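Visitor: quick check, what structure comes out for this input:
(one chain, ligands or ions: 2)
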Amino acid sequence: MHLWGDFLFEAITEKFEGVVRRLRGKAIITEKNVADAMREVRMALLEADVNYAVVREFVKTVEKKALGADVLKSVSPAQQFVKIVHDELVELMGPVEPGIPQPDSPTIIMLAGLQGSGKTTTAAKVASYLLRKGRRPSMVAADVQRPAAVEQLKILGGQLGVEVFSGEGKAPDICVRAVERARLVGTSDVILDTAGRLHIDEEMMMEVKDIARRTEPHQVYLVCDAMTGQDAVNSAKAFDEELSLDGVILTKLDGDARGGAALSVKAVTGKPIKFIGVGEKLDKLEEFHPDRMADRILGMGDVVSLVEKARETVDAEEAARMQEKMLKAEFTFEDFHKQLGQMRKMGGIKDILSMVPGLGSQMGGLDISDGELTRIEAMIQSMTPAERRKPDLIDQSRRRRIARGSGVQAEDVSGLVKQFRQMRDMMQAIGSGRVSPSSLGTLMQPGAKIKGFKRRSKRKRRPRRRHR
Ligand SMILES: Nc1nc2c(ncn2[C@@H]2O[C@H](COP(=O)(O)OP(=O)(O)OP(=O)(O)O)[C@@H](O)[C@H]2O)c(=O)[nH]1
Ligand SMILES: [Mg+2]
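Guide: Ligands and ions are numbered 1, 2, ... in the order given. Model prediction:
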């Protein structure tokens, strides 16, 4: 948990929480409630100073996915919605390879950016980051624009115990000599701190392009001040056209409440944010992780835990696999057990049944309370692996053993096996298309008969002979 995160995205987060709260009460996702939610999301993003075109595209995609047919039924609309927004936010900001690749020794890392964006501080932060990675970086004071710039970098280098190269003449010449020297000394990385200008101008572009041409940096990062919002994004675009950036380092995120730049940079420039600056101190540089950022945007506590829940439950592949198994009647007690575990995570709801499309709440007949859940789990745990896979093995003596092992009566085990079989048969009936899921509600009524579905007939009991 990062303290600065409480501030960043404050407004967006608040809005999102409101959207989710309102969705929370809805039973299903409809065009109407998605449209309402999206209107608010759109407003939240625009107010956060996210690029207009980015917002439009984002809203379109989320809307489409939310209404899409492949939406899983195992979570609530609010959860689904949060999950979709979360995934789209991750998509919007990523992907990004974490860390700095080191293809060569020394690896040359060039920093460019407007005046005051935080280049010099970031150079030292990157050096500190590399030191923590066990590398041996050096820095180059290539800013001959401002007399104090060299001194500033030297002080920071001194704090870190990192060598700082400087010299007389033009910036590109200084950089070339510094790289040669770094090669001699054997430093692992050379970080070039270049001069900034107030605005993008020809002179600055010529200089940074010249440095890039002559030193052939392995990584070129643009340092941007997050607080300048869309100006930061626009300058990133302009720099990228001239320099071909490898990524952006977004600084001063600790002072940015809106987060518009963080959300727009990748979509507008095609270049990912590599690092974020979250404070003035030299250890305040973090690798940028789109998923963590999305968590943060969607808010603290409540919403994040919803995402987590959805993530756990909507392990889409697993769910699809399970569903297929159920419909093919390959579903075993092992699968059932796994599902019970998931139900627990969700707080004891009958998810296992709602996973079958259209079944949802209609399975009143198989409703399972929390206490019962514990008993069922205990019974399954007392089964041998073979029994779990092949419930038909469970004969009378095995039933007694399972009952002893789990502290229940033999009848309870019989009941469970019976219920399980019944469920499996129903699944099979649905899977084979003989019965539509929607007719199951009726089917569960006692004595109901539905064409095509054969209720497992009660074995005819031989009338007991009365002893006189
Ligand atoms: N709060 C906060 N302040 C930062 C961050 N990064 C840089 N700063 C501050 O921003 C100011 C400018 O930083 P510099 O590193 O000198 O910026 P620069 O791009 O090198 O500036 P020029 O060399 O003049 O172009 C300094 O006061 C830094 O302490 C950050 O992530 N968070
Ligand atoms: Mg500087």
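
Visitor: can we go C-alpha only for contacts and neighbour counts from here?
Guide: Will do.

Visitor: wondering if stretch 219-237 reaches ligand 1 at all.
Guide: No - looking at stretch 219-237 against ligand 1 by C-alpha under 6 Å from any ligand atom, there are no contacts, and the closest approach is 7.3 Å.

Visitor: from here on, call the first residue 26.
Guide: In the new numbering, first residue 26, that becomes stretch 244-262.

Visitor: so for that stretch, mean pLDDT?
Guide: Average pLDDT, stretch 244-262: 95.

Visitor: okay, now the residue nearest to K51 when sequence neighbours are not counted: neighbour count?
Guide: Nearest residue to K51 in three dimensions, chain neighbours excluded: P102, at 6.8 Å (C-alpha to C-alpha, 6 or more residues apart in numbering). Close neighbours of P102, defined as other C-alpha atoms under 10 Å, add up to 24.

Visitor: quick one: contacts for P102?
Guide: Going by C-alpha atoms under 8 Å, 6 or more residues apart in numbering, P102 touches 48-49, 51-54.

Visitor: do that again at 7 Å, thanks
Guide: Counting by C-alpha atoms under 7 Å, 6 or more residues apart in numbering, P102 touches 48, 51-54.

Visitor: pLDDT score assigned to it?
Guide: Taking P102 on its own, its pLDDT is 75.

Visitor: from the contacts of P102, which is closest to I133?
Guide: Of all those, the one with the least separation from I133 (C-alpha to C-alpha) is L48, at 49.9 Å.

Visitor: so what's that closest one up against?
Guide: Applying C-alpha under 7 Å, 6+ apart, the residues contacting L48 are 102-103.

Visitor: that's a strand at it, yeah?
Guide: No - under DSSP: H, G, I helix; E, B strand; the rest coil, L48 falls outside any strand and is assigned helix.

Visitor: would you confirm that H243 contacts I134?
Guide: Yes - counting by C-alpha atoms under 7 Å, H243 touches I134, with 6.1 Å between them.

Visitor: the two: which is more packed in?
Guide: Taking other C-alpha under 10 Å, H243 and I134 do not tie; I134 has more neighbours (25 against 18).

Visitor: correct me if wrong: that one contacts Q244.
Guide: Yes - in this structure, I134 is within contact of Q244 by C-alpha under 7 Å, at 4.9 Å.

Visitor: tell me which element V215 falls in.
Guide: Applying DSSP states H and E as the criterion places V215 in strand 214-219.

Visitor: returning to what we had before: out of the contacts of P102, which end up buried?
Guide: 48, 54 (16 or more other C-alpha atoms under 10 Å).

Visitor: quick one: which of the contacts of P102 sit in helices?
Guide: With helices taken from DSSP state H, the overlap with the contacts of P102 comprises L48.

Visitor: return the member of the contacts of P102 nearest to A166.
Guide: For these, the nearest to A166 is L48 (53.9 Å; C-alpha to C-alpha).

Visitor: pull the distance from whichever helix or strand comes after the strand holding V215 to the chain's centre.
Guide: Downstream of strand 214-219, the first helix or strand assigned by DSSP H and E is helix 227-240. Using C-alpha atoms, centre = their mean, to the nearest Å, the mean C-alpha position of helix 227-240 is found 38 Å from that of the whole chain.

Visitor: got the angle for whichever helix or strand comes after helix 227-240 vs helix 227-240?
Guide: For helix 227-240, the succeeding helix or strand toward the C-terminus, using DSSP H and E, is strand 244-250. Calculated by axes from the mean of the first three to the mean of the last three C-alpha atoms, to 10 degrees, strand 244-250 forms an angle of 150 degrees with helix 227-240.

Visitor: in its sheet, which strands sit next to strand 244-250, and in what direction?
Guide: Here strand 244-250 has these sheet partners by DSSP bridges: strand 132-137 (parallel), strand 272-276 (parallel).
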